[in-house]
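> Sequence and predicted structure below; questions after.
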Amino acid sequence: MTSSLSGKVALVTGASRGLGRAAALALAKQGCHIIATARTQGGLEELDDEIKAVGSSATLVPMNITDYSGIDRLGAAIFERWKKLDILVGNAGVLGKLTPVAHLDQSVWDNVMAVNVTANYRLLRSLDPLLRAAPHGRAVFVTSGVAHSTPAYWGAYSISKAALEAMVKTYAAETATTSVKANMFSPGPTRTRMRAEAMPGENPMDLPTADEVAAQIIPLCTDEFADSAAVYKFAKTGLFKMS
């Protein structure tokens, strides 16, 4: 157990499955109380059982991450109960549709931006005072290598992740004189449902599991982690700094 994480309060979005579930469980194993948000009640309840099994506890918040007023209410509820938030893991995201930019339906574009960008802005808007109130506030947002490689047909997703990175770096600059550290984590190819949707011909058994990848989010959440405004990538040899 990482002693600096024991007893901390960590909010994880998109926590019912995939990388979000794995990150929530990894933080719970370190002694964090988990505030888990996701749309799927059943998935959250399964996560709660797993968290209890490792000796930790959770608060379940079934909500759509695009319920922006709900995010504001969540921030108020966290303040009411804990007065602070130690860790934010902004994981919730959608792929959208792999198609030429010129062929993207407006509704697909709007949904990808709403989930991948605007929801994270609203999280920062609501939770910034709580992160600043913590002795060592840590914010980690899940990004993707396609924000930089910009492959054909991945337009909505890659553009949204590039925007997310710009936002997090801006927020990191704005909190540079505080104890808050804000960074990004790029999981790379991972054995998740989103990856299978994007790469249907790929053998998932060739990819690391979400649990393996999420373990590398833990160092970014510790009191000792002093970097900010950086992008870190999962690597089998250990966490790798991209920029």
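Arrived safely, thanks for sending. Numbers count the residues shown, from 1 in each chain.

> which SS class is A214?
The assignment at A214 comes out as helix when based on DSSP: H, G, I helix; E, B strand; the rest coil.

> quick one: the helices in the protein?
18-29, 41-53, 68-82, 106-113, 119-133, 146-149, 155-174, 193-198, 210-214 (DSSP state H).

> and the least confident helix or strand in the chain by mean pLDDT, which residues are buried?
Least confident helix or strand of the chain, by mean pLDDT, DSSP states H and E, is helix 193-198 with a mean of 86. Buried residues in helix 193-198, defined by neighbour count with 16 or more other Cβ atoms under 10 Å: 194-195, 198. (Glycine included, C-beta is placed from N, CA and C.)

> Return the member of those nearest to N64.
When the buried residues of helix 193-198 are compared for distance to N64 (Cβ to Cβ), M194 wins out at 16.9 Å.

> if I pick the nearest residue to that closest one once chain neighbours are set aside, what's in contact with it?
Using Cβ to Cβ, 6 or more residues apart in numbering and skipping the chain neighbours, the partner closest in space to M194 is L95 (5.5 Å). Contacts for L95 were tallied using Cβ atoms under 8 Å, 6 or more residues apart in numbering; they are 112, 157, 194, 197-198.

> Same list, those residues, but as a markdown table with distance to P151 please.
Below are the contacts of L95 laid out as a markdown table (distance: Cβ to Cβ, whole Å):
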| residue | distance to P151 |
| --- | --- |
| V112 | 15 |
| Y157 | 10 |
| M194 | 15 |
| E197 | 15 |
| A198 | 10 |
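
> Which of the residues you listed sits closest to V213?
Nearest member of the contacts of L95 to V213, counting by Cβ to Cβ, is M194, at 12.5 Å.

> My read is that that closest one contacts G18, right?
Yes - between M194 and G18 a contact is recorded at 6.6 Å, counting by Cβ atoms under 8 Å.

> Leaving out chain neighbours, which residue sits closest to Q41?
P62 is the one closest to Q41 (Cβ to Cβ, 6+ apart), at 4.7 Å.

> about what we covered before: which outside residues touch the least confident helix or strand of the chain?
Residues contacting helix 193-198 (Cβ under 8 Å, 6+ apart): 17-18, 93-95, 98, 189, 202, 204, 207.

> which residues does the residue nearest to Q41 bridge with?
Beta-bridge partners recorded for P62 (DSSP bridges): A38.

> Just give me the neighbour total for A28.
Here the number of neighbours of A28 (other Cβ atoms under 10 Å) works out to 26.

> surely it meets I51?
Yes - at 4.4 Å, A28 counts as touching I51 under the criterion of Cβ under 8 Å.

> Show me whatever sits in contact with both of these two.
Counting by Cβ under 8 Å, 6+ apart, the common neighbours of A28 and I51 are 34, 57-58.

> Could you list which of those belong to strands?
34, 58 (DSSP state E).

> So which of the shared contacts of A28 and I51 wins on neighbours?
Neighbour max across the shared contacts of A28 and I51 (other Cβ under 10 Å) = I34, 27 neighbours.

> confidence score at the residue nearest to that residue when sequence neighbours are not counted?
Nearest residue to I34 in three dimensions, chain neighbours excluded: A58, at 4.3 Å (Cβ to Cβ, 6+ apart). A58 is assigned 98 on the pLDDT scale.

> was I right about A58 contacting D49?
No - between A58 and D49 there is no contact under Cβ under 8 Å: 9.6 Å.
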